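A.B. asks: here you go, sequence then predicted model.
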There are 2 protein chains.
Amino acid sequence: MKTRDRILLSSLELFNERGERNVTTNHIAAHLAISPGNLYYHFRNKSDIIYEIFLEYEKLVDFYLEIPENRPLTLDDLTFYLESVFDGLWSYRFFHRDLEYLLDSDRRLREDYREFTNRCLAAINRIYEKLAEAGIIYLQPEDLRSAMSLNVWLIITNWMAYLKTARASEGDGSLSLTHLKQAIYQVLTLEIPYLTPEYRERVMILREKYRPELQEQKRGVALVAGDRH
Amino acid sequence: MKTRDRILLSSLELFNERGERNVTTNHIAAHLAISPGNLYYHFRNKSDIIYEIFLEYEKLVDFYLEIPENRPLTLDDLTFYLESVFDGLWSYRFFHRDLEYLLDSDRRLREDYREFTNRCLAAINRIYEKLAEAGIIYLQPEDLRSAMSLNVWLIITNWMAYLKTARASEGDGSLSLTHLKQAIYQVLTLEIPYLTPEYRERVMILREKYRPELQEQKRGVALVAGDRH
DNA sequence: GTATTATTAGAGTATATACTCTAGGCAGTC
DNA sequence: GACTGCCTAGAGTATATACTCTAATAATAC
């Protein structure tokens, strides 16, 4: 792999593990066993590294949130959207942790991120629109739908912080993708009142799969059986 | 005022304005026109300053969230809770911005904050319980109520970050308490399906007062009339 | 093979940051 | 007026951090 890509990969890994604030360019270089000079040959500064990682993140989420306009959405689509958004959030989890500082120190990033958020919100909106057409979730009128989409976005992007600050350090403080996906339970909770009678039962069953306590049990079993995490 | 208190006050002010990460102990001392030595006579380190500010914040929010157990709750109580929680959040807004880092670097703070969050969640839960008793919001059974309380908490604590990252920099990027309180619109949106028929209309009217577009207009008028902010 | 370009090492630097240390002032008290 | 305890100044320090510079090496082109 090219050094440039290895730098991006290692940076992401270290940022996710220790937080951007705790990872210096010298750390990154040391972790890769390359010289600081080498790192700075490939990137002008730390901000540039972060910006490029953001571009990857953006691309991934945009891909996950693509909406098929030639067919109606299904319940499976909804599951896919929720699952994959959290995969993305997990892979780039350092990003939301120091978001405000990062945006403050890089204008490009600030502007790109703003557009990114708005694109995500529009996508969520459109998904609910299509779920209404498909007779799964009736979320109308438009201003209710967009206020709800915004709430969903807030829950999704803040769930990780909630886990880390209010839940973790019960034990080893290790956080997993499984924990992260409990947010799906929270999002589906929001949707309950708007489910159509035809789909209510099925969504409620789906929601149960993400119920926190259940997840703890599953994780326990997984650990005994050899955890993948 | 005692030097010690002036340090706390100035620190809070600077943290809120520039973010904790961008404010050094030397900045604080300079801002107060005292020597670094003097600052360190009153506080062992930066963490201690932050911790004491947190204690104030905690005390304030605990006070705001007190629940009268000798009488039913009214709609005015609900308004008061929402309004005052955002007053608190605004006054100590630096705190949630760098929350994860702050908790990582101070064990006391981490543990205290965890209990604080749980206390807040319990309070929100209890408020909904009492609002149900008062026939205002019917939020049952218990697990639905607590999942919803958690969602409310996530929206409340993440709203500021949303404004800063997705909204601000449209113009001067200045954020005001008024903007912050648009979160009340978002919270009331969540509650809509659970409003009892007797109160539905009144809550919907209350909600309209916080509708974002309306707020923009109000702010526009305020600016023309000489903004207080 | 040689010229050119791309990549890398590694020592080094300017600045910042959290914090220390010593000396001394000032208010009250006997 | 000297003693005591609290408070303050301000110079100073160890460490970290982002980043630079030069020289050397590897890769590629001709």
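C.D. replies: Received the coordinates, thanks. Numbers count the residues shown, from 1 in each chain, chains lettered A, B, ... in the order given.

A.B. asks: please tell me the pLDDT value assigned to residue A:222.
C.D. replies: According to the per-residue confidence, residue A:222 scores 50 in pLDDT.

A.B. asks: now the one 4 residues further on
C.D. replies: In this prediction, residue A:226 carries a pLDDT score of 44.

A.B. asks: low-confidence ranges, chain A, go.
C.D. replies: Filtered on pLDDT under 70, chain A yields the residue ranges A:168-173, A:214-229.

A.B. asks: tell me the domain boundaries of it?
C.D. replies: Dividing chain A into domains by automatic domain parsing, as the record does, gives the ranges A:1-44, A:47-227.

A.B. asks: of these, which is nearest DNA strand C?
C.D. replies: Shortest separation from DNA strand C across the domains of chain A is recorded for domain A:1-44, at 1.7 Å, computed as CB to the nearest atom of the strand. C-beta: built from backbone N, CA, C; applies to glycine.

A.B. asks: so, in contact with chain B or not, that closest one?
C.D. replies: Yes: when contact is scored as CB under 8 Å from any CB of the partner chain, part of domain A:1-44 falls within range of chain B: A:19, A:21.

A.B. asks: got TSV for the domains of chain A, with mean neighbour count and distance to DNA strand D too?
C.D. replies: Formatted as TSV, the entries for the domains of chain A read as follows, by neighbours: other CB atoms under 10 Å in any protein chain shown; distance: least, CB to the nearest atom of the strand, whole Å:
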stretch	mean neighbour count	distance to DNA strand D
domain A:1-44	15	3
domain A:47-227	17	7
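
A.B. asks: CSV for those domains, including distance to residue B:125?
C.D. replies: As requested, the domains of chain A are exported to CSV (distance: least, CB to CB, whole Å):
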stretch, distance to residue B:125
domain A:1-44, 31
domain A:47-227, 14
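
A.B. asks: between those, which one is closest to residue B:142.
C.D. replies: The closest approach between residue B:142 and any of those, judged by CB to CB, belongs to domain A:47-227 at 13.0 Å.

A.B. asks: for the closest residue to residue A:21 other than its chain neighbours, what are its contacts?
C.D. replies: Take residue A:21 and drop its neighbours on the chain: the residue closest to it by CB to CB, 6 or more residues apart in numbering or on different chains is residue B:101, 5.6 Å away. Contacts here follow CB atoms under 8 Å, 6 or more residues apart in numbering or on different chains; on that basis residue B:101 touches A:19, A:21, A:97-98, B:20-21.

A.B. asks: then residue A:106?
C.D. replies: Counted by CB under 8 Å, 6+ apart, residue A:106 has contacts A:47, A:50-51.

A.B. asks: among the residues you listed, which lie within helices?
C.D. replies: Using DSSP state H, the subset of the contacts of residue A:106 located in helices is A:47, A:50-51.

A.B. asks: I'd like those laid out as TSV, including distance to chain B.
C.D. replies: As requested, these are exported to TSV (distance: CB to the nearest CB, whole Å):
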residue	distance to chain B
A:47	14
A:50	15
A:51	15
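
A.B. asks: which one among these gets closest to residue B:116?
C.D. replies: Here the nearest of those to residue B:116, counting by CB to CB, is residue A:50; it sits at 30.9 Å.

A.B. asks: which element is the residue nearest to the closest one when sequence neighbours are not counted on?
C.D. replies: Spatially, and ignoring its direct neighbours in sequence, residue A:50 is nearest to residue A:102 (6.1 Å; CB to CB, 6+ apart). Per DSSP states H and E: residue A:102 is located in helix A:99-105.

A.B. asks: is any part of that helix close to DNA strand C?
C.D. replies: No: under the criterion of CB under 7 Å from any atom of the strand, DNA strand C is not reached by helix A:99-105; the shortest gap measures 11.9 Å.

A.B. asks: who are the packing partners of the next helix or strand after that helix?
C.D. replies: Beyond helix A:99-105 in the direction of the C-terminus, DSSP H and E gives the next helix or strand as helix A:107-133. Judged by 3 or more CB pairs under 8 Å, 6 or more residues apart in numbering or on different chains; DSSP states H and E, helix A:107-133 is in contact with helix A:46-64, helix A:75-91, helix A:99-105, helix A:142-162.

A.B. asks: convert the C-alpha atoms of the last one to CSV, please.
C.D. replies: Taking only C-alpha atoms (Å, rounded to 0.1, in the frame of the first residue of the first chain), the coordinates of helix A:142-162 have been written out as CSV:
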residue,chain,number,x,y,z
GLU,A,142,-44.0,17.9,5.5
ASP,A,143,-43.0,20.1,8.5
LEU,A,144,-43.7,17.2,10.9
ARG,A,145,-41.7,14.9,8.7
SER,A,146,-38.7,17.2,8.6
ALA,A,147,-38.8,17.9,12.3
MET,A,148,-38.9,14.2,12.9
SER,A,149,-36.0,13.6,10.5
LEU,A,150,-34.0,16.2,12.4
ASN,A,151,-34.7,14.4,15.6
VAL,A,152,-33.6,11.1,14.1
TRP,A,153,-30.4,12.7,13.0
LEU,A,154,-29.7,14.1,16.4
ILE,A,155,-30.2,10.8,18.0
ILE,A,156,-28.0,8.9,15.6
THR,A,157,-25.1,11.3,15.8
ASN,A,158,-25.3,11.8,19.5
TRP,A,159,-25.8,8.2,20.6
MET,A,160,-22.1,7.4,20.6
ALA,A,161,-21.3,10.3,23.0
TYR,A,162,-24.1,9.2,25.2
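
A.B. asks: list the helices and strands it packs on?
C.D. replies: Packed against helix A:142-162 by the contact rule (3+ CB pairs under 8 Å, 6+ apart) you find helix A:75-91, helix A:93-97, helix A:107-133, helix A:182-191, helix B:142-162, helix B:183-191.

A.B. asks: roughly how far does the residue lying closest to residue A:110 once chain neighbours are set aside sit from residue B:99?
C.D. replies: In space, residue A:110 comes closest to residue A:103 once its chain neighbours are excluded; the distance is 4.2 Å by CB to CB, 6+ apart. Here the distance between residue A:103 and residue B:99 works out to 16 Å (CB to CB, to the nearest Å).

A.B. asks: ok, residue A:132 next?
C.D. replies: For residue A:132, the distance to residue B:99 under the criterion CB to CB works out to 36 Å.

A.B. asks: residues contacting the residue nearest in space to the middle of chain A?
C.D. replies: With the centre of chain A defined as its mean C-alpha position, the nearest residue by CA atoms, centre = their mean is residue A:89, 2.1 Å away. In this structure, residue A:89 makes contact with A:96, A:156-157, A:160, A:180, judged by CB under 8 Å, 6+ apart.

A.B. asks: likewise residue A:140?
C.D. replies: So residue A:140 contacts residue A:132 (CB under 8 Å, 6+ apart).
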